[in-house]
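Q: The sequence isn't on hand, but the structure is:
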C-alpha cells in the first residue's frame, strides 16, 4: 500500500526479494497505513488470529495422545487429563479456547454490524468472514463430539438428524454422514478427520480475509474513506501492533481465568459421562455459542422449515451488504439504525437464552417472536431504513474530530464513548 | 476504553449467567466450606486420606474408579500417602494378570502402576448385582453432575422418608436431591460407620465431606497445580499488560492522537 517501492538494503536481500518478494510483503505489513482512530473493538481481528493459532497448536498436541475410537476416546481424554505432562492444561486451553474464539468472533461480527464494515468496497472481506464463521461452527461441533461423552454423542445424533428433514434423500444423507445406521465409530473417525482439516481451511481463508482487507484498508469508527497514507493514518507497526498486543493481553487474562479457575463452567456436566446409546440425557443442549441458532431451529414447528430457518439465519448475513441500503457506514451517524442495532443485540441474546431452555410454553413463544424479529431486522428494517433515515452529517476527515477542531468533535466523542 | 472492557466483562457475565440458569437445580443444595475452592484453593490432606478410607470401605464395594491408579495416592497434590503406604494399599487388592509363559492367567497382588481394581467384572455384572442400576464409575463423578461437589455432598445427606402419598418400589429410596427423587442406592452413610485413625469423629456430615473431597481430587488430580500455575500466570499477565500499556502510551505520544 505504501507509496514508495521497498528495496532491500543487502545484496542478498535484493537477490532474494527479486525472486520471492517476501521482504516486500513484510515491509507492506509493517507499513500498512491504518486509520488512527480505530477503537478497541478493532483489536479483535488480532485476537482471533491468536485464538486460531492457539487452537491449532493445542489441537496438534492433543491429537498426539487422543485415540479416535468409540471404545477408547473417552479413556484417552482421561489419559490426557491425568497422565500426559500438562495434558490438563493443553486440553483446558483447547476446550475453553473454542468458547473464547466464539466470544471474540461474535464481538468482531457485531463490531462490523455497528460500523458498517461490510459495505462497499468490503463485501468480499465480509463474505469470506461468514464462510470462516460457518467453518468455525462445523469445527466446534465436531470437536465437541470427540471426547465421546453423553452430550457429544447425543449432540451429534440431534444435529446429524437435521439432514433427514431433506425430502427424498434425507435419510440416505444421514446414513452417509454416520457411515452406518446410527452415530458410532465410523462417525467418530470421520469427525476427527474433518475436525483436523477445517482449522487449516480456516487459516487459508484468514489469509484471504486479510488480503482482501489490505486492498481497501480498514474501515474506521467514523466510517468515512481515508487517504492512505496521510495524517489520518498510522503505520501498522508499531502503533497498531502495540495496541493489539495490549488488548490481546487483556483478553488472555480473561481466558486464563476460565482455563485455571473454572475450566468446566462453559461445558456440560453430562459430557463427563461416557457416551451411552441406550440412555438419552434429560436435556440435549448445544454449546452456548450455537444456542441462538438452536432456538431458531426449534421455534419452527415443521422440521424441514426449521432447518431452513436456521440456515437462512446465518446465510442472510452474506446478503447483508445489499440488504443494508444506507450509504452511511458508521452507526455513529445513523441515529435510528443505532437503536435497531441494539435491539438486534438484545434479540440475539434472548435467542441464546431461550435456546438453553426447554422448547415449551412461554420460552417457545419468546423464541418465535425473537426469531421473527431477527428476520424482520434484516429483511425489512435495514432495506427501508436506508431510504427513510435522516443521518447526521459526516466530518471531512478523521483528523477533524480527533484534534477537536470542529464543533462536531465533542458530540462524536461522546457518542463513541457511549458505544 | 473503560467502557469497552466493562462491556466485555458484561458479555462474559451474561454468558456465564445463561449457563448457570441452564443448569440450576430446582432445590438449593447444601453448602459446606471446600478448601479447594478459590484462587489458591488446596485440598485438605487429612480430609483426602479420610475420604479415601470412606471410599474404599463404603463406596468401593459397588462403585469402580477405573481411571485412578494406586500410584496416584502417593503423588503430590493428592492424599499424599507415603510410597510404602500406597504400596501396601495396592498389595491388599488382587488382580488378574497374564497370560504367563505357560499361557495361563494368574492372580497377583496389585502394584502401584495398576488402576484401581473394579468391584465387578463389567457393567452387566454390576447391574445384575444392583437391581438393574449401574453404580456409576467414580473417577470423574464430581465433574459429571451439575452442581458438582455440592450436589454429591447434598445427595449423601439427602435421604429422607418418602412424603406421604409417594409409594416407592422395592429397593428404591427417597432422596431430596436426586433427579426425580428416586434412588436405587440405599443410604450409604451413618454416624460412626468408619473409624478414622486420626481421631476425627466420623459423623455423617464429616464422612460426606471427606469422601466428596476425595472424589473431587479423583476427578481433577491436578487441581492444586492448576491453581498454583493459574495464580502465577495471571499475575505475570497483569504485570506484562501494565508494561505494555505504558509502552503503548509512550509510542502513541509520538503522534497527535489518543489511543
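A: All right, it came through fine. Note that this is a predicted model, so its numbers are computed, not measured.

Q: right, and residue B:130 touches residue B:184 too?
A: Yes: applying Cβ atoms under 8 Å, one finds residue B:130 in contact with residue B:184, separated by 6.7 Å. C-beta here means a position set from N, CA and C on the backbone, and glycine is covered the same way.

Q: So whichever residue of chain A sits closest to chain B, which state does it fall into?
A: Nearest to chain B in chain A, going by Cβ to the nearest Cβ, is residue A:260, at a distance of 2.5 Å. For residue A:260, the assignment made with DSSP: H, G, I helix; E, B strand; the rest coil gives helix.

Q: got the contact list for it?
A: Residue A:260 makes contacts with A:92, B:226-227, B:229-231, B:233-234, as judged by Cβ atoms under 8 Å, 6 or more residues apart in numbering or on different chains.

Q: could you dump those to a markdown table with distance to residue A:132, pLDDT and neighbour count?
A: Listed next are these as a markdown table, based on distance: Cβ to Cβ, whole Å; pLDDT from 0 to 100; neighbours: other Cβ atoms under 10 Å in any protein chain shown:
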| residue | distance to residue A:132 | pLDDT | neighbour count |
| --- | --- | --- | --- |
| A:92 | 24 | 98 | 21 |
| B:226 | 32 | 98 | 20 |
| B:227 | 35 | 97 | 20 |
| B:229 | 32 | 98 | 16 |
| B:230 | 31 | 97 | 19 |
| B:231 | 35 | 97 | 15 |
| B:233 | 29 | 98 | 17 |
| B:234 | 30 | 98 | 19 |
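
Q: Show me where the chain dips below the pLDDT cut-off.
A: If you meant another chain, say so; for now it's chain A. For chain A, applying pLDDT under 70 flags the ranges A:1-4, A:400-419.

Q: My question was about chain B, not that one.
A: Counting by pLDDT under 70, chain B shows low-confidence ranges at B:1-26.

Q: quick one: the strands in it?
A: Ranges of strands in chain B, per DSSP state E, are B:94-97, B:106-109, B:173-174, B:182-183.

Q: Spatially nearest residue to residue A:91 (excluding sequence neighbours)?
A: residue A:80 (5.5 Å; Cβ to Cβ, 6 or more residues apart in numbering or on different chains).

Q: quick revisit: want to throw the strands of chain B into JSON lines with mean neighbour count and distance to residue A:189?
A: Shown next, in JSON lines, are these (neighbours: other Cβ atoms under 10 Å in any protein chain shown; distance: least, Cβ to Cβ, whole Å):
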{"stretch": "strand B:94-97", "mean neighbour count": "12", "distance to residue A:189": "31"}
{"stretch": "strand B:106-109", "mean neighbour count": "11", "distance to residue A:189": "36"}
{"stretch": "strand B:173-174", "mean neighbour count": "17", "distance to residue A:189": "42"}
{"stretch": "strand B:182-183", "mean neighbour count": "16", "distance to residue A:189": "37"}
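
Q: Give me every residue in the stretch 201-350 of chain A lying close to chain B.
A: Taking Cβ under 8 Å from any Cβ of the partner chain as the contact definition, the stretch 201-350 of chain A meets chain B at A:234, A:238-239, A:242-243, A:245-246, A:249-250, A:252-254, A:256-257, A:259-261, A:263-266, A:268-270, A:272-273, A:282, A:285, A:288, A:291, A:349.

Q: Wasn't residue A:206 part of a strand?
A: No: if the criterion is three-state DSSP, then residue A:206 is helix and not within a strand.

Q: surely it meets residue A:132?
A: Yes: using Cβ under 8 Å, residue A:206 is in contact with residue A:132, at 6.7 Å.

Q: ok, these two, which is more surrounded?
A: The neighbour comparison of residue A:206 against residue A:132 (other Cβ atoms under 10 Å in any protein chain shown) goes to residue A:132, with 21 against 18.

Q: other SSEs contacting the helix or strand hosting residue A:366?
A: Using DSSP states H and E, residue A:366 maps to helix A:361-376. Using 3 or more Cβ pairs under 8 Å, 6 or more residues apart in numbering or on different chains; DSSP states H and E as the contact test, the elements touching helix A:361-376 are helix A:291-299, helix A:303-315, helix A:335-355.

Q: hang on, residue A:147 is in a helix, isn't it?
A: No: read with three-state DSSP, residue A:147 is coil and lies in no helix.

Q: Tell me how many other residues crowd it.
A: The burial count for residue A:147: 24, using other Cβ under 10 Å.

Q: and the gap between the closest residue to it other than its chain neighbours and residue A:95?
A: Nearest non-adjacent residue to residue A:147, counting by Cβ to Cβ, 6+ apart: residue A:77, 4.8 Å away. Distance, residue A:77 to residue A:95, by Cβ to Cβ, to the nearest Å: 10 Å.

Q: same question, residue A:285
A: 16 Å.

Q: Pull out the buried positions in stretch A:102-122.
A: Buried residues in stretch A:102-122, counted by 16 or more other Cβ atoms under 10 Å in any protein chain shown: A:102-119, A:122.

Q: Please list which of those residues also come close to chain B.
A: Answer for these near chain B (Cβ under 8 Å from any Cβ): A:103, A:107.

Q: so of the buried residues of stretch A:102-122, which ones are in helices?
A: A:102-115 (DSSP state H).

Q: Now the closest residue to chain A within the stretch 151-259 of chain B: closest residue in space that isn't a chain neighbour?
A: Closest approach between the stretch 151-259 of chain B and chain A, counting by Cβ to the nearest Cβ: residue B:230, at 2.5 Å. In space, and not counting its chain neighbours, residue B:230 is closest to residue A:260: 2.5 Å by Cβ to Cβ, 6+ apart.

Q: How about residue A:23?
A: residue A:17 (4.5 Å).

Q: for that neighbour, helix, strand, or coil?
A: helix.

Q: Tell me how many other residues surround it.
A: Residue A:17: 19 neighbours (other Cβ under 10 Å).

Q: near chain A, which residues of the stretch 101-250 of chain B show up?
A: Residues of the stretch 101-250 of chain B found near chain A (Cβ under 8 Å from any Cβ) are B:136, B:139-140, B:143-146, B:148, B:179, B:219-222, B:226-227, B:229-231, B:233-234, B:237-238, B:240-241, B:244-245, B:247-248.

Q: ranges for the strands of the stretch 101-250 of chain A?
A: A:233-235 (DSSP state E, counting those that start in this stretch).

Q: OK, contacts around residue A:370?
A: Each residue near residue A:370 by Cβ under 8 Å, 6+ apart is listed here: A:295, A:299, A:347, A:350-351, A:354.

Q: Considering these, which is situated nearest to residue B:189?
A: Within these, the smallest distance to residue B:189 is 40.4 Å, found for residue A:354 (Cβ to Cβ).

Q: So that closest one versus residue A:368, what's the distance?
A: Residue A:354 is 9 Å from residue A:368, by Cβ to Cβ.

Q: Looking at those two, which is more packed in?
A: residue A:354 (26 against 17).

Q: Kindly confirm my reading that residue A:54 is in a helix.
A: Yes: the assignment for residue A:54 (three-state DSSP) places it in a helix.

Q: what separates it from residue A:22, distance-wise?
A: Residue A:54 is 25 Å from residue A:22, where distance means Cβ to Cβ.

Q: partner residues bridging residue A:235?
A: For residue A:235, the beta-bridge partners under DSSP bridges are residue A:33.

Q: That one reaches residue A:36, doesn't it?
A: No: Residue A:235 is beyond contact range of residue A:36, at 10.0 Å (criterion: Cβ under 8 Å).

Q: Look at those two and report which has more neighbours.
A: Just comparing residue A:235 and residue A:36: by other Cβ under 10 Å the higher neighbour count belongs to residue A:36, 24 against 16.

Q: Quick check on that one: phi, psi?
A: Per-residue torsions, residue A:36: phi -80, psi -10 (degrees, to the nearest 10).

Q: would you say the residue nearest to residue A:147 is within a helix?
A: Yes: applying three-state DSSP, one finds residue A:77 inside a helix.

Q: Count the neighbours of it for me.
A: 26.

Q: Quick one: residues contacting it.
A: By Cβ under 8 Å, 6+ apart, the contact set of residue A:77 is A:66, A:91, A:146-148.
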